[in-house]
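> Here you go, sequence then predicted model.
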Amino acid sequence: MSKRVAVILAGCGVYDGAEIHEATLTLLALERNKAAYQCFAPDISQAHVINHLTGEEMKENRNVLIESARIARGRIKPLIQFRADDFDAVIFPGGFGVAKNFCSFAFDGKECVVDPEIYYTIRELHSLGKTIGAMCISPALIVKILGDVKVTIGSDPDTALAIKAMGGQHIVTTHGEVIIDTENKIVTTPCYMLDASLGQIAEGTENLVRAVLEL
């Protein structure tokens, strides 16, 4: 029987939602490794909306679930319907939406507040011994919730310091590398936390997916 993996999205677009390349390559890697997947997203408002052409904030409101449905081609469920027992693992692609919509790390750093639904989901997964994959900035979210776990976001010194301040262990990595915390069943890779090409993102994503499925 193929393994079942939940992919949790934070919207659509690097600056205010899920990173589209990381999310899409995650789904592709899961399919190539013969794993079944289901996308989820919380039914909440985005922190704000960014014009991805100019980088400026836009005066409009968007919903994380509705925006995430763009990536999932409509085949997505609200996070409230997620049941950890139904899945072998979960993967969090990156993007600023993780640090803005799932928590306030982008604004508040180590003092950030986590969305209650996201908090409960990750705590439940960890308590049941499920494998958690986290890409790009997502490892900071995992550390904020779980504390003393081993992760990587690449080599950004400020983010690494924040991770350590939240109780986590940060390991410096480069393109394609993954860090596996076998005790806590957490797999992380830096992706676009580094200045990366699409090919390098594909390599890192593939390596993370394989490690998640092996755990």
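Okay, I see it.
> What residues are bridge-paired with the most centrally placed residue in the chain?
Among the residues of the chain, the one closest to the centroid is Phe92, at 2.5 Å (CA atoms, centre = their mean). Beta-bridge partners of Phe92, counted by DSSP bridges, are Ala134.
> so His48 touches Ser104, yeah?
No - applying CB atoms under 8 Å, one finds His48 not in contact with Ser104, separated by 11.8 Å. (C-beta placed from N, C-alpha, C; glycine too.)
> Spell out the residue ranges of the helices in this structure.
Applying DSSP state H to the chain gives helices spanning 20-32, 64-72, 96-97, 105-108, 116-127, 138-146, 157-165, 198-214.
> need these in TSV with distance to Val14, can you?
Output for those, formatted as TSV (distance: least, CB to CB, whole Å):
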stretch	distance to Val14
helix 20-32	7
helix 64-72	12
helix 96-97	6
helix 105-108	12
helix 116-127	19
helix 138-146	13
helix 157-165	16
helix 198-214	12
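> List the contacts of the residue nearest to the centre of the chain.
The contact partners of Phe92, by CB atoms under 8 Å, 6 or more residues apart in numbering, come to Val7, Ile8, Ala10, Val98, Ile132, Gly133, Ala134, Met135, Ser138, Leu141, Ile142.
> With Leu30 instead?
Applying CB under 8 Å, 6+ apart, the residues near Leu30 are Val5, Val7, Ala36, Tyr37, Ile91, Val209.
> let's go with 10 Å and repeat that
For Leu30, the contact set (CB atoms under 10 Å, 6 or more residues apart in numbering) comprises 2-5, 7, 36-37, 89, 91, 205, 209, 212-213.
> what do you get for His170?
With contact set as CB under 10 Å, 6+ apart, His170 has these partners: 139-140, 143, 150-157, 159-164, 179, 188.
> Apart from its chain neighbours, what residue comes closest to Pro78?
Asp43 (4.5 Å; CB to CB, 6 or more residues apart in numbering).
> since we're on that neighbour, how many residues are nearby?
By other CB atoms under 10 Å, the residues close to Asp43 number 15.
> thought it was touching Glu67?
No - taking CB atoms under 10 Å as the definition, Asp43 is not a contact partner of Glu67, at 11.1 Å.
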